[in-house]
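[1] From the sequence below, what's the structure:
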Amino acid sequence: MLTTAGCVAVLCGTGGVAAHTARAQEALPPATPPSAQRLSDERLETRWAYPQRRAVVRSRASSHARRVARLRLLTEDQFPELYVVLERWVDPSGNAWLKIRLPMRPNGRTGWVPQNALSTLNVTHKYIDVDKRRLRVTLFDHGKAVFRARVGIGKPGTPTPTGTFYIREKFRVKGVPLYGTHAIGTSAYAPTLSDWPGGGVVGMHGTNEPGLIPGRPSHGCMRLKNRDIARLYRLAERGTPIHIH
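    Okay, here's the model as predicted:
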C-alpha cells in the first residue's frame with residue numbers, strides 16, 4: 001500500500017439525501033443511461049482527466065440523484081488526483097455528465113459528475129494486465145504486448161484485490177531500499193487492510209529482495225524487480241488501466 005512518500009516504508013511490508021420535493025415527479029435517468037456515449041473500453045482506448053473542483057459525485061446522471069462521494073483534488077500521497085472517464089451522457093436539458101471510476105472503498109465503485117467538473121480529457125492506448133495465478137504483469141500498447149515481467153503479490157491472508165483499476169500517481173522512492181527505486185500508486189485498496197496509513201492504497205513498486213519474485217510475499221501490493229519497475233514506470237503513464245485477475 002502507498003501513502004505519502006514518508007510513510008511508504010510502513011506499507012506493503014514483507015510483509016469520503018435530501019429529498020427534492022419540488023420536482024419529485026421528474027423521472028431520473030437509469031443507472032447507466034441507454035443513450036450514453038462510451039468513452040473508454042479500458043483496453044485500446046481510455047480517457048481520464050484531473051478534477052477542476054470538488055464536485056459531488058452522483059449515483060446517476062442527475063443533480064437529484066443520490067450522493068456517492070465528492071471529487072478529490074489530491075491523492076493520499078498529495079499528488080494531483082485523476083479519474084478515468086467511462087461514459088458521457090447529455091440530459092434532456094442539455095447538461096453533459098461523465099461517468100467515472102472512483103478511487104475509494106469498496107473497490108469498483110463508479111459515479112456521475114457534471115462534465116465541467118473535470119478538465120480536458122486525456123487519452124491513453126495502454127493497459128496493464130496482472131495475472132495473479134501466473135504471477136505475471138504485462139503492459140499492452142494499442143493491444144500489443146510491449147513489456148512483461150514476473151511479479152510478487154499479496155499473501156493469502158492479505159491478497160492483492162481483483163478488478164479493474166488505474167494508475168493515479170508515480171514517484172521515485174528514496175531512502176527505503178525495501179521498496180526499490182520507483183513506485184506506482186493505483187486506484188485499488190487492500191481488501192483486508194483498511195487501518196493502514198492512507199487507507200490501504202495498493203501500489204506497484206520495486207524491492208531489495210528480488211529472490212521473493214515471483215511469489216506471494218506482500219500485504220497486497222505488487223512487487224517487481226527494480227529493473228522491471230523502472231521500465232514499467234517509464235512506459236506506463238498516469239491514467240493507464242490495470243486489470244488484476
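
[2] so what's the residue nearest to Asn226 when sequence neighbours are not counted up against?
    Across the structure, with C-beta to C-beta, 6 or more residues apart in numbering as the measure, the residue nearest Asn226 apart from its sequence neighbours is Gly206 (4.2 Å). Backbone N, C-alpha and C define where each C-beta goes, glycine included. Listed by C-beta atoms under 8 Å, 6 or more residues apart in numbering, the contact set of Gly206 reads 173, 179-183, 223-226, 228-230.

[3] Repeat the analysis, applying 6 Å as the threshold.
    By C-beta atoms under 6 Å, 6 or more residues apart in numbering, the contact list for Gly206 reads Gly180, Thr181, His182, Asn226, Ile229.

[4] Just the residues you listed: which are in helices?
    Members of those lying in helices (criterion: DSSP state H): Asn226, Ile229.

[5] As JSON lines, the contacts of Gly206 with neighbour count would be great.
    Converted to JSON lines, the contacts of Gly206 look like this (neighbours: other C-beta atoms under 10 Å):
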{"residue": "Gly180", "neighbour count": "25"}
{"residue": "Thr181", "neighbour count": "18"}
{"residue": "His182", "neighbour count": "21"}
{"residue": "Asn226", "neighbour count": "18"}
{"residue": "Ile229", "neighbour count": "26"}
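
[6] Helices of the chain, start to end?
    Taking DSSP H as the criterion, the chain contains helices spanning 226-235.

[7] could you point out the longest strand in it?
    Taking residue count as the measure and DSSP state E as the definition, the longest strand of the chain comes out as strand 163-172.

[8] who's in contact with Thr46?
    Thr46 is in contact with Ser40, Thr124, Pro241, counting by C-beta under 6 Å, 6+ apart.

[9] And the second one, how close does it get to Glu45?
    When distance is defined by C-beta to C-beta, to the nearest Å, Thr124 is 8 Å away from Glu45.
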